[in-house]
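>>> model the structure of this input:
(chains A and B)
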Amino acid sequence: MKILVPVSHKEDIKLTAGFVANMTWPPNSQVKIVNVLPAAGSDQQADKHATAAKKMLGDALAQFAELLPGPKLTTEVLSGTPAVEILNYARTWKANMIVMGHRSQKSIAEAIAGSVSKAVAVEAPCSVVIIRPPEIVDRLSASAPESERKV
Amino acid sequence: MKVIVAIDQTSNRNEVLHAVLCRHWPKDVSIKLLTVIEPFPWADLEKMQKIASDLLESAKVRAEEALLEARSRIERAHPYASVHVELKVGDPRVEIVDCAAQWGADRIVIGAHGTSPNRLLPCRLGPTIARRATCSIELVRLKDTDEMAAEVPARRQKVEVEGALGI
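Numbers count the residues shown, from 1 in each chain, chains lettered A, B, ... in the order given. Predicted coordinates:
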């Protein structure tokens, strides 16, 4: 089984690692952790993004390896529009599942990240798990009024 | 951990159940099997009320049978899990999300391509729920016919081997 795990933030790593570690995977499963680099205005900025991506993927690999001794773990850096790159990679790599974190929308950057998980959920060629952190679940459940639940 | 497994009365529910049966759930998992039956769109017409009512009752009976069968499968696979069923009538897009919020579900498991069987125009329920849900959600991709056909020779070979071995 092939599991694709896109990460864009350290919170994603924690959420997705917890989910993946709590499941029993078939033998010879593979986990691919990817990060999509944003478009950069200059070579200097591109190098900065690439360095940050490699560090994040290194941290992710360490966390996953600690929790998940079985499946084969690899990482890859992609570049382009996040949702498009994730979906294309899922198709070419023939992923069986995509596991993504969905963070709160406190900032514009996080709102954009949330829209990536939604776009992937709609267009994915395989099963998709979108994980919301527990504190977001508690806050949203408590505050959502009845009127906002109408279609 | 609280998990809502949303299933319908079509054969697609087997894919969703397969995903649940194959998982390694925590010991304190509580699973709610949920089916939402959408009322027929023409049920308000005076001349159609009796027919709509009969059809709804028939749909409820089929849904209850499917839910109880699903519950027994999950209980056999995960004897430590607390499993219960719920049948609702209404708009699935609203009822599933509301049920998850009211019950405090941690995750919803639903088919990625299921549609409401009584709807005149198809709607992709899974992605709609993913947009509206306030908890984690797993969209189970339903295998298409080509993939299922490709699996049949492998299964047949496995059965033949097991038969030869006297299993």
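>>> how many neighbours does residue 66 have?
With no chain named, the answer covers chain A. 10 (other C-beta atoms under 10 Å in any protein chain shown). Using the backbone N, CA and C atoms, a C-beta is placed for each residue, glycine as well.
>>> my bad, the chain I had in mind was chain B
20.
>>> how about the secondary structure of the nearest residue to it once chain neighbours are set aside?
Nearest non-adjacent residue to residue B:66, counting by C-beta to C-beta, 6 or more residues apart in numbering or on different chains: residue B:9, 5.3 Å away. Secondary structure assignment for residue B:9 (DSSP: H, G, I helix; E, B strand; the rest coil): coil.
>>> what sits against residue B:9?
Shown in contact with residue B:9 (C-beta atoms under 8 Å, 6 or more residues apart in numbering or on different chains): B:35, B:59, B:62, B:63, B:66, B:117.
>>> residue B:24 now?
A:22, A:23, A:24.
>>> can I get the contacts of residue B:9 in a markdown table with pLDDT?
Converted to a markdown table, the contacts of residue B:9 look like this (pLDDT from 0 to 100):
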| residue | pLDDT |
| --- | --- |
| B:35 | 94 |
| B:59 | 88 |
| B:62 | 90 |
| B:63 | 91 |
| B:66 | 92 |
| B:117 | 46 |
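>>> where are the low-confidence patches of chain B?
B:42-45, B:113-124, B:143-167 (pLDDT under 70).
>>> which residues of it lie near chain A?
Contacts of chain B with chain A, taken as C-beta under 8 Å from any C-beta of the partner chain, map to B:19, B:22-24, B:26, B:91, B:93-94, B:97-98, B:101, B:104, B:106, B:112, B:124, B:126-127, B:130-131, B:134-141.
>>> quick one: residues contacting residue A:89.
A:4, A:34, A:76, A:78, A:95.
>>> ok but the fourth one is inside a helix, no?
Put plainly, it is residue A:78. No. Counting by three-state DSSP, residue A:78 is not part of a helix but strand.
>>> mind listing the strands for chain B?
B:2-6, B:30-37, B:82-89, B:107-111, B:136-140 (DSSP state E).
>>> indicate which one of these is closest to residue B:46.
The closest of these to residue B:46 is strand B:82-89. By C-beta to C-beta, the value is 20.0 Å.
>>> the closest one pairs with which strands, parallel or anti?
Strand B:82-89 has the following sheet partners, assigned by DSSP bridges: strand B:30-37 (parallel).
>>> so where's the longest helix in chain A?
For chain A, the helix with the greatest residue count under DSSP state H is helix A:43-67.
>>> list the buried residues of it.
A:49, A:53, A:56, A:57, A:60, A:61, A:63, A:64 (16 or more other C-beta atoms under 10 Å in any protein chain shown).
>>> how far out from the middle of the chain is it?
Relative to its chain's centre, helix A:43-67 lies at 13 Å (C-alpha atoms, centre = their mean, to the nearest Å).
>>> what of stretch B:23-30?
On C-alpha atoms, centre = their mean, the centre of stretch B:23-30 falls 18 Å from that of its chain.
>>> mind giving me a markdown table with the contacts of residue A:89 and columns for pLDDT, neighbour count and distance to chain B?
Compiled in a markdown table, the contacts of residue A:89 are given as follows (pLDDT from 0 to 100; neighbours: other C-beta atoms under 10 Å in any protein chain shown; distance: C-beta to the nearest C-beta, whole Å):
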| residue | pLDDT | neighbour count | distance to chain B |
| --- | --- | --- | --- |
| A:4 | 96 | 26 | 13 |
| A:34 | 94 | 24 | 19 |
| A:76 | 93 | 14 | 22 |
| A:78 | 91 | 17 | 21 |
| A:95 | 94 | 24 | 10 |
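>>> output those residues as CSV; include the columns distance to residue A:133.
CSV is the format used below for the contacts of residue A:89 (distance: C-beta to C-beta, whole Å):
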residue, distance to residue A:133
A:4, 20
A:34, 20
A:76, 25
A:78, 24
A:95, 23
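>>> out of these, which two sit at the greatest distance?
Farthest pair in the contacts of residue A:89, by C-beta to C-beta: A:78 and A:95, 13.2 Å.
>>> pull the helix or strand with minimum mean pLDDT from chain A.
Taking mean pLDDT, DSSP states H and E as the measure, helix A:134-143 is the helix or strand of chain A with the lowest mean score, a mean of 54.
>>> doesn't residue B:22 make contact with residue B:73?
No. With contact defined as C-beta atoms under 8 Å, residue B:73 and residue B:22 do not form a contacting pair (11.8 Å).
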